[in-house]
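Enquirer: Here you go, sequence then predicted model.
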Amino acid sequence: MSLQKFIEDFEEAVEDIEPNSLTAATNFKALEAWDSLAVLTVTDVIDMEYAVLLKKKDFDCARTVEELYDLVTQVR
Amino acid sequence: MVSRNLYIVGAGGFGREVYCWLKDVFPLERDWQFCGFLDDAPDALDGMNYEKGVVAPIHGFIPKQSDVFVCGVGSVPAKMKLCQPLIDRGAQFLTLIHPSVVIGDNVKLGTGVVLCPGVVLTCDISLGAMVMINCHSSAGHDVTIGDWSTISGHCDLTGYTKLGTGVFFGSGARIIPGKSVGDNAVVGAGAVVIRSVAVEQKVFGNPARVFA
């Protein structure tokens, strides 16, 4: 798995954000499109693509897309 | 009123349901008389209580000027395969709207649409040709459904959702507002679509996930 692929998966999951608009350093919780549905769709895509089921505390801990990626890689 | 000869295309399960709904059309609104089912299996209604039965195969049927048709096939690939050659030979498909259907303002229906009992179409909706919507399904504001799509019973298409051509929604499937479903995609029974579905994708479950 790569950080770049993870960012693409994240963008695809949220849907209402422009492709290629996110970076590893993006504070995803500050995005206008970040809402409870986005939590669900990102959780689902990460479960499907990486077989990791994130918990609420994971989203609470992570601030940037890269920090979320690090959490997923640690669990894997 | 000029009387035309009406045939139901397909004598399978959905075709027999369509026959029931045809009988509910108010007599004053009928400018046709029911002449029977078309089906490539001549024995499709054997042993069942249908007065007219299967009168001719679909394959090779040559429509007369006075003939009209209602589609009684739910499966998307099957209805395309069976009805398109009839249309190519000049068949005129009627739109069947059960008297219990509720339709709001600015709703456009294509030819050959079948709306079963309890369907609700709110406002500013567009349905393509040969779209079937089965019992108790609803479409909210600004929904568009492409030609040949089939929506099974008890589905909920919420506002601003867009369905392409030949989309199939299984029983009880639903989609959240603003999401889209690509051409020839299949949404399995009971699925809850929370992300848009790509062309020809098959999704199932809650939240709906890609299967194929």
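Expert: In hand now; what should we look at?
Enquirer: Chain B contacts on chain A?
Expert: For chain A, the residues in contact with chain B (C-beta under 8 Å from any C-beta of the partner chain) are A:13, A:15, A:37, A:40, A:41, A:44, A:48. Backbone N, C-alpha and C define where each C-beta goes, glycine included.
Enquirer: where does chain B dip in pLDDT?
Expert: By pLDDT under 70, the low-scoring segments of chain B are B:1-2, B:212.
Enquirer: do you know how far the residue positioned nearest the centre of it is from residue B:110?
Expert: The structure's chain B has its C-alpha centroid closest to residue B:132; by C-alpha atoms, centre = their mean the separation is 1.4 Å. Look at residue B:132 and residue B:110: by C-beta to C-beta, to the nearest Å, they are 11 Å apart.
Enquirer: State the mean pLDDT of stretch A:34-51.
Expert: Averaging pLDDT along stretch A:34-51 yields 93.
Enquirer: one step back: grab the two from the residues of chain A next to chain B that are most spread out in space.
Expert: Across the residues of chain A next to chain B, no pair lies farther apart than A:37 and A:48, at 16.4 Å, counting by C-beta to C-beta.
Enquirer: which of the two has more neighbours?
Expert: Remark: of residue A:37 and residue A:48, residue A:37 carries more neighbours, 16 against 13, as counted by other C-beta atoms under 10 Å in any protein chain shown.
Enquirer: and residue B:79, what does it touch?
Expert: Residues counted as contacts of residue B:79 (C-beta atoms under 8 Å, 6 or more residues apart in numbering or on different chains) are B:9, B:10, B:71, B:73, B:130, B:132, B:148, B:150.
Enquirer: Could you do residue B:131 as well?
Expert: Contact analysis of residue B:131 by C-beta under 8 Å, 6+ apart lists B:109, B:110, B:113, B:114, B:145, B:146, B:147, B:148, B:149, B:150, B:151.
Enquirer: Among these, which ones are in strands?
Expert: Within those, residues falling in strands by DSSP state E are B:109, B:114, B:145, B:150, B:151.
Enquirer: Restrict these to the buried ones and give me that as a PyMOL selection.
Expert: In PyMOL syntax, the buried subset of those is picked out as below (16 or more other C-beta atoms under 10 Å in any protein chain shown):
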select buried, chain B and resi 109+114+145+150+151
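Enquirer: Skipping its backbone neighbours, what lies nearest residue A:64 in space?
Expert: residue A:25 (5.3 Å; C-beta to C-beta, 6 or more residues apart in numbering or on different chains).
Enquirer: ok, now residue B:165?
Expert: Excluding its sequence neighbours, the residue lying closest to residue B:165 (C-beta to C-beta, 6+ apart) is residue B:146, at 3.7 Å.
Enquirer: Compute the number of surrounding residues for residue 29.
Expert: Going with chain A. 13.
Enquirer: right idea, wrong chain: chain B
Expert: The number of residues packed near residue B:29 is 10, by other C-beta under 10 Å.
Enquirer: Next one: it relative to chain A, how far apart?
Expert: Separation of residue B:29 from chain A (C-beta to the nearest C-beta, to the nearest Å) stands at 44 Å.
Enquirer: Let me have the contacts of residue B:79 in a markdown table, adding secondary structure and distance to residue B:197 as columns.
Expert: Below are these laid out as a markdown table (DSSP: H, G, I helix; E, B strand; the rest coil; distance: C-beta to C-beta, whole Å):
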| residue | secondary structure | distance to residue B:197 |
| --- | --- | --- |
| B:9 | strand | 28 |
| B:10 | coil | 27 |
| B:71 | strand | 24 |
| B:73 | coil | 23 |
| B:130 | coil | 21 |
| B:132 | strand | 19 |
| B:148 | coil | 16 |
| B:150 | strand | 15 |
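Enquirer: Reformat those into CSV and put distance to chain A next to each item.
Expert: Converted to CSV, the contacts of residue B:79 look like this (distance: C-beta to the nearest C-beta, whole Å):
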residue, distance to chain A
B:9, 39
B:10, 37
B:71, 34
B:73, 34
B:130, 30
B:132, 29
B:148, 26
B:150, 25
